[in-house]
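Participant: What follows is a predicted structure for the sequence shown.
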Amino acid sequence: MKIEISDKLKSFPPFLFEELYRKERAERAKGRDIISLAVGDPDIPTDRRIVADAVSEIKKAPNHRYPNTKGNENLRREISAWHKRRFGLDFHPSDEVSILIGSKEGIAHLPFVLLNAGDYCLIPDPTYPTYRTGVILAGGRIHDVPLEEKNGFLPDLGRIPRKVLEKTKLFFLNYPNNPTGAGATLAFYKDLVKWARKHGVVIAQDAAYCDIYFGEPAPSLLQVPGARDVAVEFYSSSKTYCMAGWRIGWVVGNSKVVCALNQVKENIDSGPFNAIQNAVAYALKHHEQIVPPIREHFKKRAELFCRTLHETGWRFPDPRGSCFVWARPPVNCSSLDAVYFMLEHAHILTAPGSGFGRYGEGFVRFSLTEPDARLAEAARRVRALDWKKLKAGK
Ligand SMILES: Cc1ncc(COP(=O)(O)O)c(C=O)c1O
């Protein structure tokens, strides 16, 4: 029998980094010591107090039974309490909070809640690729919204065509932003909420990096009066607590959307392990002790790395948050040329901006999620690069 893969899966964009990873493997096979700054996977171990709490939770027999899809009450209550402390917002734990198997899972399922075939979802360009996944699976249409440096990597809402807007149901955004490192202000969020209410668009603001900020604390979109009528926000324990492998995220905001997302999930998954949910509840409860050193750590890394890049001719605005630096190389070249050049001549693997969308062309993304000594070595290698060799095509 000839097995045919579905048209939908075939319509997924090709994996742009395939050739890059092939080249990386080839360099490693030559015995090169490659420093990988291509993916945002925090190297800092999860705080030992959280680990100890998880160990004790694993031993509790009630935790061995099926979890509740929308998350256990303990975690939903801690999430509510944390949003109150952090943003002054009250979310009802039963219908305005839902737990996710990492925010990526909820983000990928959200389009099933809101899109009918042919409806548009607005997606930033450059983007975190998972926003596209759910839209494709739900049979929706994608309209890319440029994030340009001249606008502080914020979308220009006035440039979205009226014809698209008439059929738009959902808009994904993420600040502090991956990949650009840009931040959003409450003033921008106010305009956005006004615009969303006017056009009947649901905003899904992905706040995965909300606690990795380098200046003023990143605001919540839901702090805008009336935002709860039109918006949800996604949160993640992956970066905030360096718990990427534990797979817990959550969504808060509009109860209709939160409950409908939960309905999708009830038909697909059975929620994450209760012991791990309780460990995240512990993390939230002790957030003010655990998170500032992590934030400070990423901030120091960003300062050191940005200094090296500025001193060697890279062009970029310093990141306001996230664990990324998004920069244009010292010479005019394509993202891929720059990335291949660094891989070959500095043995550093980075992510080409073009892999995040058309408007990412010309940029390179550095992820600062390797140990400090490796980042210092990467900075040393960046300093030693002779970009004239790329210009000369060597
Ligand atoms: C912008 C953004 N959102 C969401 C995620 C997913 O995070 P998780 O599924 O680990 O919560 C990531 C991960 O890199 C991300 O960069």
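Facilitator: Happy to help now that I have it. Residues are numbered from 1 along each chain as shown.

Participant: Next one: the nearest residue to Asp53 once chain neighbours are set aside from Glu148, what distance?
Facilitator: With CB to CB, 6 or more residues apart in numbering as the criterion, Asp53 has its nearest non-adjacent residue at 4.1 Å, and that residue is Tyr282. The C-beta positions use only the backbone N, C-alpha and C, and glycine is treated the same way. Distance check for Tyr282 against Glu148: by CB to CB, to the nearest Å, it reads 41 Å.

Participant: Was I right to think Val202 contacts Ala231?
Facilitator: Yes. Judged on CB atoms under 8 Å, Val202 makes contact with Ala231 at a distance of 6.9 Å.

Participant: More neighbours: the two, which one.
Facilitator: Per other CB atoms under 10 Å, whichever of Val202 and Ala231 has more neighbours is Ala231, with 27 against 23.

Participant: My read is that that one contacts Ala204, right?
Facilitator: Yes. Between Ala231 and Ala204 there is a contact at 7.4 Å, judged by CB under 8 Å.

Participant: how near is Leu122 to the ligand?
Facilitator: As judged by CB to the nearest ligand atom, to the nearest Å, Leu122 and the ligand stand 16 Å apart.

Participant: List the pairing partners of whichever strand or helix holds that residue within its sheet, with orientation.
Facilitator: If you go by DSSP states H and E, Leu122 is part of strand 120-125. The strands beside strand 120-125 in its sheet (DSSP bridges) come out as strand 141-146 (parallel), strand 168-174 (parallel).

Participant: ok, now which ones touch the residue of the stretch 251-394 of the chain found nearest the ligand?
Facilitator: In the stretch 251-394 of the chain, no residue comes nearer to the ligand than Ser322, which is 7.8 Å away by CB to the nearest ligand atom. Ser322 makes contact with 40, 176-178, 181, 209, 212, 239, according to CB atoms under 8 Å, 6 or more residues apart in numbering.

Participant: I'd like those as JSON lines, with neighbour count appended.
Facilitator: JSON lines is the format used below for these (neighbours: other CB atoms under 10 Å):
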{"residue": "Gly40", "neighbour count": "21"}
{"residue": "Pro176", "neighbour count": "25"}
{"residue": "Asn177", "neighbour count": "28"}
{"residue": "Asn178", "neighbour count": "24"}
{"residue": "Gly181", "neighbour count": "27"}
{"residue": "Tyr209", "neighbour count": "27"}
{"residue": "Ile212", "neighbour count": "26"}
{"residue": "Lys239", "neighbour count": "27"}
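
Participant: near the ligand too, which of these?
Facilitator: Residues of the contacts of Ser322 in contact with the ligand (CB under 6 Å from any ligand atom): 40, 178.

Participant: relative to strand 168-174, how tilted is the helix or strand that contains His109?
Facilitator: His109 is part of helix 103-114 when elements are defined by DSSP H and E. Angle, helix 103-114 to strand 168-174, by axes from the mean of the first three to the mean of the last three CA atoms, to 10 degrees: 170 degrees.

Participant: Can you give the domain ranges for this protein?
Facilitator: Domain assignment for the chain by automatic domain parsing gives 7-45+291-385, 65-288.

Participant: so His109 makes contact with Gln263?
Facilitator: No. Between His109 and Gln263 there is no contact under CB under 8 Å: 10.2 Å.

Participant: Just want to know which of these two has more residues nearby.
Facilitator: Remark: of His109 and Gln263, His109 carries more neighbours, 23 against 13, as counted by other CB under 10 Å.

Participant: What number of residues are in the vicinity of the spatially closest residue to that one that is not a sequence neighbour?
Facilitator: Spatial nearest neighbour of His109, excluding adjacent residues (CB to CB, 6+ apart): Val264 at 5.0 Å. A count of nearby residues for Val264, using other CB under 10 Å, gives 18.

Participant: Using just helix, strand and coil, how would you label Val264?
Facilitator: Following DSSP: H, G, I helix; E, B strand; the rest coil, Val264 is assigned to helix.

Participant: got a list of contacts for the lengthiest helix in the chain?
Facilitator: For the chain, the helix reaching the highest residue count under DSSP state H is reported as helix 287-311. With contacts defined as CB under 8 Å, 6+ apart, helix 287-311 is touched by 44, 47, 49-50, 82, 85-86, 181, 211-214, 240-242, 283, 316, 318-319, 323, 325, 327, 366, 368, 372, 375-376, 378-379, 382-383.

Participant: Selecting buried members of those in ChimeraX, what would you type?
Facilitator: To isolate the buried ones among those in ChimeraX, judged by 16 or more other CB atoms under 10 Å, type:
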select :44,47,50,82,86,181,211,212,213,214,240,241,242,283,316,319,323,325,327,366,368,375,378,379,382
